[in-house]
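**Student:** coordinates only, sequence not included:
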C-alpha cells in the first residue's frame, strides 16, 4: 500500500496495527473542545456553515495523548449562515491531526473529492475551524454542485 494514497480509515487501521498501545474510541465533546449541545457552526470569513450532528468522530489515542481524529459520516454543508435549513452536505472520511495548539493537518475526502490541507486554526476552536476549512475547500475547489442533497429517512 502506498502511504500517500491511503484513505483515513486505512490510516487509522495502519496506525493501530503498527502501534499496539493505540486505541480507537468515539470522541467526546471535551476531547475536541466543542459545546456538547451545539452542532451547527458558521464562519463569516469563509461564508460556510456546517452541521456535525450526523458525523461520527473517533479519537486514536494511547490513553494519555490523542494522536489523530477520524471523522466519518454525513456533514451538512452550505454557503452562508443557513445552519437550521441545511439541504446539502458531503460524506466525510477525514483524518485530522493536531500538530500544535494552532496548526492542523487534514487529509481525506468529502463526497469522494480528495482534500489535504495544513492550516492555522484558532486554538480555542481548532477542531471546528478545521472542519469549516475543509468544507470551504470543497466548495472553492469543486463548487456547490459537488454537494449531496439531504435525503429523508
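**Tutor:** It's in. In this text the structure is predicted, and so the values were computed from the model without any measurement.

**Student:** Quick check: which element contains residue 117?
**Tutor:** Using DSSP states H and E, residue 117 maps to strand 113-120.

**Student:** I meant to write residue 53 there.
**Tutor:** Assigned by DSSP H and E, residue 53 falls within no helix or strand.

**Student:** Next: residue 11.
**Tutor:** Assigned by DSSP H and E, residue 11 belongs to helix 8-18.

**Student:** hmm, who's touching the helix or strand just after that helix?
**Tutor:** Sequence-wise, the next helix or strand downstream of helix 8-18 (DSSP H and E) is strand 23-26. For strand 23-26, contacts defined as C-beta atoms under 8 Å, 6 or more residues apart in numbering pick out 12, 16, 56, 57, 58, 59, 60, 61, 62, 63, 70. Every residue, glycine included, has its C-beta placed from N, CA and C.

**Student:** Give the buried subset of these as a PyMOL selection command.
**Tutor:** To isolate the buried subset of the contacts of strand 23-26 in PyMOL, counting by 16 or more other C-beta atoms under 10 Å, use the following:
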select buried, resi 12+57+58+59+60+61+70
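
**Student:** out of the contacts of strand 23-26, which are inside strands?
**Tutor:** Among those, DSSP state E puts 56, 57, 58, 59, 60, 61, 70 in strands.

**Student:** Could you check how far the residue nearest to the second one when sequence neighbours are not counted is from residue 52?
**Tutor:** In this case it means residue 57. Distance criterion C-beta to C-beta, 6 or more residues apart in numbering; nearest residue to residue 57, sequence neighbours excluded, is residue 27 at 4.4 Å. Plainly put, residue 27 is 11 Å away from residue 52 if you go by C-beta to C-beta, to the nearest Å.

**Student:** again with residue 103
**Tutor:** With C-beta to C-beta as the criterion, residue 103 and residue 52 are 21 Å apart.

**Student:** Can you pick out the residue with more neighbours from the two?
**Tutor:** Between residue 103 and residue 52, residue 52 has the larger neighbour count (other C-beta atoms under 10 Å), namely 22 against 15.

**Student:** That one is in contact with residue 39, isn't it?
**Tutor:** Yes. With contact defined as C-beta atoms under 8 Å, residue 52 counts as touching residue 39 (5.6 Å).
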